[in-house]
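Undergrad: Here's my sequence, what's the structure:
(4 chains)
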Number of protein chains: 4
Amino acid sequence: MFVVMQRAASEAEILGVKSRILAEGLTPYENPSAEGLKVAVVGEIGGRREALLGQLAQLPGVARVTPIKRPFKLTSREFHPDDTVIRVLDAAVGDGSLTVMAGPCSVESREQLLKTARRVKAAGATILRGGAFKPRTSPYAFQGLGVEALRYLAEARDETGLPVITEVMEPNQVDIVAEYADILQIGTRNMQNYSLLQSAGRVARPVMLKRGYGATVEEWLMAAEYIVSSGNPNVILCERGIRTFETYTRNTLDLAAVPLLHSLTHLPVIVDPSHATGKRFLVAPLALGGVAVGADGVMVEVHPDPDSALSDSEQQLTIEQFEALMVDLVPVHEHVSDLNGVVMRPVHADAPDGGGLSKH
Amino acid sequence: MFVVMQRAASEAEILGVKSRILAEGLTPYENPSAEGLKVAVVGEIGGRREALLGQLAQLPGVARVTPIKRPFKLTSREFHPDDTVIRVLDAAVGDGSLTVMAGPCSVESREQLLKTARRVKAAGATILRGGAFKPRTSPYAFQGLGVEALRYLAEARDETGLPVITEVMEPNQVDIVAEYADILQIGTRNMQNYSLLQSAGRVARPVMLKRGYGATVEEWLMAAEYIVSSGNPNVILCERGIRTFETYTRNTLDLAAVPLLHSLTHLPVIVDPSHATGKRFLVAPLALGGVAVGADGVMVEVHPDPDSALSDSEQQLTIEQFEALMVDLVPVHEHVSDLNGVVMRPVHADAPDGGGLSKH
Amino acid sequence: MFVVMQRAASEAEILGVKSRILAEGLTPYENPSAEGLKVAVVGEIGGRREALLGQLAQLPGVARVTPIKRPFKLTSREFHPDDTVIRVLDAAVGDGSLTVMAGPCSVESREQLLKTARRVKAAGATILRGGAFKPRTSPYAFQGLGVEALRYLAEARDETGLPVITEVMEPNQVDIVAEYADILQIGTRNMQNYSLLQSAGRVARPVMLKRGYGATVEEWLMAAEYIVSSGNPNVILCERGIRTFETYTRNTLDLAAVPLLHSLTHLPVIVDPSHATGKRFLVAPLALGGVAVGADGVMVEVHPDPDSALSDSEQQLTIEQFEALMVDLVPVHEHVSDLNGVVMRPVHADAPDGGGLSKH
Amino acid sequence: MFVVMQRAASEAEILGVKSRILAEGLTPYENPSAEGLKVAVVGEIGGRREALLGQLAQLPGVARVTPIKRPFKLTSREFHPDDTVIRVLDAAVGDGSLTVMAGPCSVESREQLLKTARRVKAAGATILRGGAFKPRTSPYAFQGLGVEALRYLAEARDETGLPVITEVMEPNQVDIVAEYADILQIGTRNMQNYSLLQSAGRVARPVMLKRGYGATVEEWLMAAEYIVSSGNPNVILCERGIRTFETYTRNTLDLAAVPLLHSLTHLPVIVDPSHATGKRFLVAPLALGGVAVGADGVMVEVHPDPDSALSDSEQQLTIEQFEALMVDLVPVHEHVSDLNGVVMRPVHADAPDGGGLSKH
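TA: As a prediction, the model looks like this:
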């Protein structure tokens, strides 16, 4: 549930409401709004719901108390109707602009990274990606250059001005990655690594949370809730495909999740067609598809020489292919941005009722 | 495998090749091409492949003999590089134009259908859809108006000029449906109803084959192969979502299948966002997404009063919503049509090698 | 809903109830019980439920009227608490005995079939299987010997006394297959071929309905409902694996479905480990597993020389492997049969509430 | 690949082989065998395979060098044909005895745990389970008692003599959990948390690795490979169901994975029917099924009062239900143990070739 304070509520009244919430062993989260300050009440409410709702409504300065139906609270549009916009250096994610995260799967050398960074910047990328710590299915596969790669990423950022995103794989890495990178990425295998989510929730860097390849949309939002409730409101969601029986593609990109998320949450949504398809020739069409369904941007793997790449060689675009993609992508985004808002941002009342926190 | 005849090959030489194929208990299929007549050789070739390939190459008038690697033969781009274009009345599917099939899930009355037909025609639909025989999960649910609905569809076609598509559920219905309708639809539950596929292969009407909700892309193409090898080359494929663990949406729309199919087959591909999502507010974004990934068109359920519909009430658009969708969809299609062909129609050599006829 | 008549209800009172049901455009189905005759009311009841329930309860001779919560009615344990036992020649399915259906994937010759029939009979099989009409993913693969195979099956039945089961693929084949075979099989691809289900519902032969590889348990029971509501109460369910992302096995055998079905329905349940796994070495363990979870029997593919088989060569057991399996299987079945009934046949009240007719 | 040393190989010769491997930047792992010491060679071998194979074969004291076809090396039966047996206190896992891990989902109080421990011990359980750190989908749900629960577990172990298993969620918890518990559990959401796997690989406690709900068997074995290659050979695998489209059950228990794993790996395999089904009435049948397909044991959630449980209340057995289950389970295990070894432990040569490290 959340409390909406009267516009004229005093500091003391606000404090009174928050104290009452804390006294119940619950946690208050504030969100300013035109209507008045909103205070979300989260925690194990259980059977106290009705009683608590009535008690809070009686406190001085309270305009109303509203239940949040979904199990995700702080990440829900019910509590936070306005889109979250994440600003990092000169880039913004979720403000209506086209976010393009591009770069190699793995940082393999200083030269490889710098060359790619310059070229993707020139082609219109807004954020530079590159793996430093690589989660690999096999313990015997290339595991990334680690801190050395972080240094190259920082150098590339300093030269090009592009903010840098890279994956963090465990709580102990959060600080070192946050020192070098501008955005932390949590990968598909770690979507429900709750210790990592909480650590990422305590650092002053935006976090991009990839969907678990076996996770429902609701579980994904619950994972985002872990980050936000730990103190970090700047979460970007990234759809990267789910596991199905289809074998031609590596995963099945769930583009319906994009408009679905836009109705359920205020967080921005990025689409990653590289990992979803695992095939170079499918990346460009699905990047266009992602933008057409209303994604806030795309993440694309680009490598100067994909055939020699140490990871994901079959799905990385050449720099030339990326440049060609950008020529097509920008006008599609512009076109879609001009569309009827009803089509692309569904009215909240029409949001789905089905689904639910079911299985794991 | 297929034989390419020399351009100057005589009728007798062509006949010689075909006779040789028939003598093996196999079937020849002809496809004219700029290079010279192509003759596909299909059937249970088994261990004879190498020998037969050598023998055919020796026959007079033969330019070359080429194996077809995929298990689908007549439907493959390997055999038939040019896009199949299907023309029916004034409509064309697969020629680069935007195909829009619209209409109610079920034909419920003459008035309901005619009203919808006039309005979707005015909004830009090119083909009218409407269910006469309805496959329903429950034997106790509305099963469609049957032949009465076919008559209304024919009347709507005669009034609006829109070709009519409707589902056929069993071999015995093929003739009666073909009498009234312009395009036969085979539904998701019947994708591997081989008797029905063969019956549809013997009738002079285009067939739209929906993907089985549990079927791989390869099995889908093998099902199309049943129709084409039975004599009907005019097959349209319709992606309508597959089964996954996600519960917010009815199915998961596999938009990667669209460019994948464009690389594997010459048949046109339509996207159905209504059945894929099962939620009205997701239909428009996914229709745009379908067109952006290169689909030849969309199929959308439209009803004058969805809340009172006898089937699929949660996913049918109102007429007004359909009109708004068309305003957005047409320019996106135009825009995508102008794009770099490399992006939207992958070069054939880059087609995937993975996947395979595995499971059932 | 169903009506329970008073034990002393007269013929006229029973007729009165049935007439009332028919007058509503609904269909009555009778089921005798110790408590009194039960009459199920099925059809599109819609908004009339409450009113109708009240009206029927007032009719003379009526003891009570009870709603059926599940969407499947005649196949539900709610309506029909006692296990259905299907008797065919000397075999019985569902009576607590171990049903073993064995034989080749495809009937390939008279000798192959007769040899297999004699040997599996000697080893303890109770029913002979063999494919006459084969649904094949490829139109160019061996499609079965057809009527010739039916004749061999009948001959094998006459010689060994084993009832014969074989697949029927379309409504037009039902009569000819019913002429030769003792049990009709409807395959996984045709589970929602409603015309075929209805045809099979009108013939005086038991029907074994395989689960669709992409179908939920509830959809499967709805498909069985099509058969039963068409007039044929003798339906056997066969779990044969569902589609998942796992690639080592052909499908994923859902053994939880067996006790789940025993709680939801009165129909017997058979497990098919051959199609589920697609690997010979997994057949025996999963046959044991199937019996251990309470299945009424198993269906196993057996071939005198699997490596030369025209279909499914990787999963058919040799005759010797089948004999070894039977030595293990019979005592496990005996052992499980003696177990605490609470474990193996869950009390009805503990049945699940989740799930539902959701997606297709 | 692995090197088999001659039986008479000297220490110096063994050292020579290991030095050669280390000089390549690869890692040697030893496994004694009747044939002679085996030394596995793991790491990023890449294009050196052929050359290295030849070079190692030439070294003094080497009997032969054999490639390992599977991507998992140390966990493969190819390298390690004998079953791994894990001994902890008086219990053994994988030695042919029936392992039964039982206890509450979460440790909720000292009394709850001690009561359950005494009763499950009396009923025949061999290992006590109980959650201290709980991975919960919602950040607002009960997260476990933490270290307090570890202390109760140790007390219960000291009183009953049952070894204790509990989940560890992050690298930083490994030491504290290892201090109190006898076996570490890694849960389904952390199956590919590589940092955690490596930490668990460095501690002197057996590790039970649950299958990721979206993971293939091959990925699961690769995750086990992370633990073993980090130095801990004592890994138990636990099948607990995978994600599918079926909604009646929480997950789909993949019992075919049990005999499949027995052919692919030497590690013991446990089945968890509680998490797989999410429904109390399905636990007992699937426990029997798990044992019947050859599992080395089962893990079952048991609670003195499931309806009041703080987590998983719908799937925990009452103590009485657990006692009834044990009465049935023990003789099924005894029976299956006596079976023909060919059926239950497939000959290695018959292992599957399909599948592969494909998607993530």
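Undergrad: OK, contacts around whichever residue of the stretch 201-350 of chain A sits closest to chain D?
TA: With Cβ to the nearest Cβ as the measure, residue A:214 is the residue of the stretch 201-350 of chain A nearest to chain D, at 2.1 Å. Using the backbone N, CA and C atoms, a C-beta is placed for each residue, glycine as well. Contact analysis of residue A:214 by Cβ atoms under 8 Å, 6 or more residues apart in numbering or on different chains lists A:242, A:243, B:245, D:212, D:213, D:214, D:215, D:243.
Undergrad: repeat that with 10 Å
TA: Residue A:214 is in contact with A:188-189, A:191-192, A:242-243, A:359-360, B:244-245, C:245, D:188-189, D:212-215, D:242-243, counting by Cβ atoms under 10 Å, 6 or more residues apart in numbering or on different chains.
Undergrad: Skipping adjacent residues, who's closest to residue A:232 in space?
TA: Nearest non-adjacent residue to residue A:232, counting by Cβ to Cβ, 6 or more residues apart in numbering or on different chains: residue A:201, 4.5 Å away.
Undergrad: Just the element for the residue most central in space within chain A, please.
TA: Taking Cα atoms, centre = their mean, the centroid of chain A lies closest to residue A:236, which sits 1.7 Å from it. Per DSSP states H and E, residue A:236 falls inside strand A:235-239.
Undergrad: Let me know the average pLDDT across the next helix or strand after that strand.
TA: Next along the chain after strand A:235-239, taking DSSP H and E as the criterion, comes helix A:257-264. Mean pLDDT, helix A:257-264: 97.
Undergrad: okay, the longest helix seen in chain A in PDB with CA atoms only?
TA: Of all the segments of type helix in chain A, defined by DSSP state H, the longest one is helix A:319-337. Provided in PDB are the C-alpha atoms of helix A:319-337 (Å, rounded to 0.1, in the frame of the first residue of the first chain):
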ATOM      1  CA  ILE A 319      31.400  -2.700 -37.300                       C
ATOM      2  CA  GLU A 320      30.100  -2.200 -40.800                       C
ATOM      3  CA  GLN A 321      27.000  -4.200 -40.100                       C
ATOM      4  CA  PHE A 322      26.400  -2.100 -37.000                       C
ATOM      5  CA  GLU A 323      26.700   1.100 -39.000                       C
ATOM      6  CA  ALA A 324      24.200  -0.200 -41.500                       C
ATOM      7  CA  LEU A 325      21.900  -1.100 -38.700                       C
ATOM      8  CA  MET A 326      22.000   2.400 -37.200                       C
ATOM      9  CA  VAL A 327      21.100   3.900 -40.500                       C
ATOM     10  CA  ASP A 328      17.900   1.900 -40.400                       C
ATOM     11  CA  LEU A 329      17.200   2.000 -36.700                       C
ATOM     12  CA  VAL A 330      17.200   5.800 -36.100                       C
ATOM     13  CA  PRO A 331      14.400   6.600 -38.400                       C
ATOM     14  CA  VAL A 332      12.300   3.700 -37.200                       C
ATOM     15  CA  HIS A 333      12.700   5.000 -33.700                       C
ATOM     16  CA  GLU A 334      11.800   8.600 -34.800                       C
ATOM     17  CA  HIS A 335       8.800   7.300 -36.600                       C
ATOM     18  CA  VAL A 336       7.500   5.200 -33.700                       C
ATOM     19  CA  SER A 337       8.100   8.100 -31.300                       C
END
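Undergrad: right, and residue A:173 touches residue A:167 too?
TA: Yes: using Cβ atoms under 10 Å as the test, residue A:173 is close enough to residue A:167 to be in contact (9.1 Å).
Undergrad: Any regions of the stretch 251-360 of chain A where pLDDT drops low?
TA: For the stretch 251-360 of chain A, the stretches flagged by pLDDT under 70 are A:340-360.
Undergrad: Quick one: end-to-end length of stretch A:253-269, please.
TA: End-to-end span of stretch A:253-269 (Cα to Cα, to the nearest Å): 13 Å.
Undergrad: Please see if it touches chain B.
TA: Yes: Stretch A:253-269 comes into contact with chain B (Cβ under 10 Å from any Cβ of the partner chain), by way of A:253, A:254, A:255, A:256, A:257, A:258, A:259, A:260, A:261, A:262, A:263, A:264.
Undergrad: Output those residues in JSON lines; the columns should cover neighbour count and distance to chain D.
TA: Shown next, in JSON lines, are those (neighbours: other Cβ atoms under 10 Å in any protein chain shown; distance: Cβ to the nearest Cβ, whole Å):
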{"residue": "A:253", "neighbour count": "30", "distance to chain D": "13"}
{"residue": "A:254", "neighbour count": "25", "distance to chain D": "13"}
{"residue": "A:255", "neighbour count": "34", "distance to chain D": "18"}
{"residue": "A:256", "neighbour count": "30", "distance to chain D": "15"}
{"residue": "A:257", "neighbour count": "26", "distance to chain D": "16"}
{"residue": "A:258", "neighbour count": "27", "distance to chain D": "21"}
{"residue": "A:259", "neighbour count": "27", "distance to chain D": "22"}
{"residue": "A:260", "neighbour count": "27", "distance to chain D": "18"}
{"residue": "A:261", "neighbour count": "25", "distance to chain D": "17"}
{"residue": "A:262", "neighbour count": "24", "distance to chain D": "22"}
{"residue": "A:263", "neighbour count": "19", "distance to chain D": "21"}
{"residue": "A:264", "neighbour count": "23", "distance to chain D": "15"}
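Undergrad: Ignoring the adjacent residues along the chain, who's closest to residue A:144?
TA: Nearest non-adjacent residue to residue A:144, counting by Cβ to Cβ, 6+ apart: residue A:134, 3.7 Å away.
Undergrad: Which stretches in chain A count as helices?
TA: A:11-23, A:49-58, A:110-123, A:147-160, A:174-180, A:194-200, A:217-229, A:257-264, A:273-277, A:280-292, A:319-337, A:341-344.
Undergrad: among the ones you listed, which is nearest residue B:21?
TA: helix A:280-292 (33.7 Å; Cβ to Cβ).
Undergrad: Could you tell me how far that closest one lies from the centre of the chain?
TA: Taking Cα atoms, centre = their mean, to the nearest Å, one finds the center of helix A:280-292 at 19 Å from the center of the full chain.
Undergrad: And that helix, what's buried?
TA: For helix A:280-292, burial by neighbour count (16 or more other Cβ atoms under 10 Å in any protein chain shown) applies to A:280-292.
Undergrad: And for stretch A:67-78?
TA: So stretch A:67-78, judged by 16+ other Cβ under 10 Å, has buried residues A:68, A:70, A:71, A:72, A:73, A:74, A:75, A:76, A:77, A:78.
Undergrad: circling back: and the longest helix of chain A with helix B:319-337, angle?
TA: 150 degrees (axes from the mean of the first three to the mean of the last three Cα atoms, to 10 degrees).
Undergrad: What is helix A:319-337 packed up against?
TA: strand A:99-103, helix A:110-123, helix A:280-292, strand A:297-301, helix A:341-344, helix B:280-292, helix B:319-337, helix B:341-344 (3 or more Cβ pairs under 10 Å, 6 or more residues apart in numbering or on different chains; DSSP states H and E).
Undergrad: so which of the ones you listed comes closest to residue A:314?
TA: Comparing those by Cβ to Cβ, helix A:280-292 comes nearest, at 6.5 Å.
Undergrad: Any residue of that closest one touching chain B?
TA: Yes: for helix A:280-292, a contact with chain B is found by Cβ under 10 Å from any Cβ, at A:280-292.
Undergrad: still on that earlier bit, and for the residue of the stretch 201-350 of chain A closest to chain D, nearest residue in space, chain neighbours not counted?
TA: residue D:214 (2.1 Å).
Undergrad: Ok, residue A:275 next?
TA: Closest to residue A:275 by Cβ to Cβ, 6+ apart is residue A:240, at 4.6 Å.
Undergrad: got it, and residue A:160?
TA: The nearest residue in space to residue A:160 (Cβ to Cβ, 6+ apart) is residue A:121, at 4.5 Å.
Undergrad: What distance do you get for the one you found to residue A:323?
TA: 11 Å (Cβ to Cβ, to the nearest Å).
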